[in-house]
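okay, predicted coordinates and the sequence, questions at the end:
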Amino acid sequence: MSEKLFNGDEGLYVHFPFCRQKCRYCAFYSVPGTPDELRADIDAYIDALGYEMQEFSERNPDFMPKTIYIGGGTPSLMNSRQFENLYLALDVNFTLDHVKEFTFEVNPGMMPSDAMLDMMQKKGVTRLSVGTQSFVDSELQWMGRIHNAKESIEAIDTAQLFQFGLSCDLIYSLPGQTEDDIKRSLDILIDKKVKHISAYTLIIEKGTPVGDELLNSNIPNDDEREGELFDFVSEYLRKNGYDHYEVSSFALIENDENGKPIDNRAMHNLNYWRHGNYAGFGASAYGHFPGYHTRNCADYKQYTMQLDAGTLPTATERLTLHQTVEEIVMVGLRSSEGIDTDIISRKYGINPMLGANGLFFDQLIEDGYAKRDNKRYYLTPKGFAICDFILRKLEF
Ligand code: SF4
């Protein structure tokens, strides 16, 4: 089977692993420090990103990103000069004419200056993903965030003033949190007509201050309560005009002046759930290509050193056809687009919904957790609430 590797629908992710301070719940790879303390390391890291991109683009001259996502960590810790250097690395190594969505993550406590936002917009950034997390100061303090609710609201106002596309993150299911507490944060996002919301339940990770506090306490890990809050967030946002289109993602439903629907879903993330190709650059970044994955070492110093020395800090993992199909199902069922068994069968010769999985889905459909539309299988918002359970039950 000969197949063109890239078709111009690719995603490009850049990981920026530096933060002002570590949040109390965070188990991601990120290194804390002030912009001054980290300046030399960030400069060297951005140079290394340039080397990695150059090496990749030489091997993959057809790779043409449709979306770019600069995530972290806290990318808004970089100054204008560092952003310009990063942009230059992207621009010299890739054709950027086809980019439809260019997202930059910002922390409301490290909001770029107006001058920097202006420059970023001129360079093609179309969308800000703002780590608001909550609009209740006591919750933000408990999470160890560096910002308060007022700064989060100001960050939203600034992003909207600049007419960036806007996504806000929310973390809920904090210990003792009620529906009313969550509603306080949701109401602000709804009032501000934020176009995209990513709402996650708090993940309690061992080894983080929050994890150690909760796992050593008598507070039980209440999955049932978490499920109730998940349903509450989903219902409340849907009632207020949002499409719950992926387990943790909501897009504002709206039309343009001609009455045509505007797609406020995250294009870059849709590519993940559609099992599209994407390249990942930076420490701990992950790439996905037909038949294989790449993963970079998760230590920014080693990452920088290896690229300086001309070696790639990247491990490659090959996938069998079965593993590929399993992965398509696992990521596809997270979004309301679901999976099309006709397309999968034609491409890979495997129908993942035959046998036990098909019977299991018949039951899910009967119980309102899933739907089938011809050969397309997808979960309902009720099914999203137990998505991990459903995925664990599937057999491959
Ligand atoms: S800002 Fe994000 S990546 Fe950085 S410590 Fe907080 S949660 Fe982790």
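Okay, I see it.

how many residues are close by the residue lying closest to D9 once chain neighbours are set aside?
Among residues not flanking D9 along the chain, K66 sits closest, at 5.2 Å (Cβ to Cβ, 6 or more residues apart in numbering). For every residue, glycine as well, the C-beta is placed using N, CA and C. A count of nearby residues for K66, using other Cβ atoms under 10 Å, gives 19.

now do the same for K66: helix, strand or coil?
strand (DSSP: H, G, I helix; E, B strand; the rest coil).

roughly how far does whatever residue of the stretch 201-350 of the chain ends up closest to the ligand sit from E37?
For the stretch 201-350 of the chain and the ligand, the shortest gap (Cβ to the nearest ligand atom) falls at T208, measuring 9.4 Å. To E37, T208 is 22 Å away according to Cβ to Cβ, to the nearest Å.

again, but for H268
Per Cβ to Cβ, H268 is found 30 Å from E37.

higher neighbour count, those two?
Set H268 next to E37 and count neighbours by other Cβ under 10 Å: H268 wins out with 24 against 12.

mean confidence for the helix or strand hosting the more buried one?
Assigned by DSSP states H and E, H268 belongs to helix 267-273. In this model, helix 267-273 has a mean pLDDT of 97.

cool, stretch 247-256 as well?
97.

quick one: contacts of that stretch?
Stretch 247-256 is contacted from outside by 193-200, 237, 241-245, 261-266, 269, 334-335, 384, 387, using Cβ atoms under 8 Å, 6 or more residues apart in numbering.

quick one, which of the residues you listed are buried?
If you count burial by 16 or more other Cβ atoms under 10 Å, the buried members of the contacts of stretch 247-256 come out as 194-199, 237, 242-245, 264-266, 269, 334-335, 384, 387.

in strands, which of those residues fall?
Among the buried ones among the contacts of stretch 247-256, DSSP state E puts H196, I197, S198, A199, Y242, D243, H244, Y245 in strands.

closest one to G72 out of those, please.
Distance to G72 across these (Cβ to Cβ) is lowest for S198, with 14.6 Å.

so which strand or helix has E105?
Counting by DSSP H and E, E105 is found in strand 101-106.

any idea how far G109 is from E246?
27 Å.

okay, those two: which has more neighbours?
More crowded of E246 and G109, by other Cβ under 10 Å: E246, with 22 against 18.

close to the ligand: what parts of the stretch 101-250 of the chain are there?
N107, G131 (Cβ under 6 Å from any ligand atom).

where along the stretch 101-250 of the chain do the strands fall?
101-106, 127-133, 165-172, 196-201, 242-246, 249-252 (DSSP state E, counting those that start in this stretch).

residues in contact with the closest residue to N79 other than its chain neighbours?
Distances taken as Cβ to Cβ, 6+ apart place P35 nearest to N79, at 6.4 Å, with adjacent residues excluded. Each residue near P35 by Cβ under 8 Å, 6+ apart is listed here: I42, L77, M78, N79.

mind doing that once more with 10 Å?
P35 makes contact with F18, R20, I42, T74, L77, M78, N79, Q82, M110, according to Cβ atoms under 10 Å, 6 or more residues apart in numbering.

among those, which one lies nearest to E154?
Relative to E154, the closest of the contacts of P35 is M110; by Cβ to Cβ it sits at 12.5 Å.

quick check: A279 is in a helix.
No: checked against three-state DSSP, A279 lies outside a helix; its state is strand.

I figured Y378 hits M353, correct?
No: Y378 lies out of contact with M353 (Cβ atoms under 10 Å); the separation is 11.7 Å.

who touches both of those two?
Common neighbours of Y378 and M353 (criterion: Cβ under 10 Å, 6+ apart): I339, R372.

where in the stretch 251-396 of the chain is pLDDT low?
The model of the stretch 251-396 of the chain has no residue with pLDDT under 70.

which stretches of it form helices?
Secondary structure of the stretch 251-396 of the chain (DSSP state H, counting those that start in this stretch): helices at 267-273, 300-308, 321-332, 341-348, 356-366, 381-384, 387-393.
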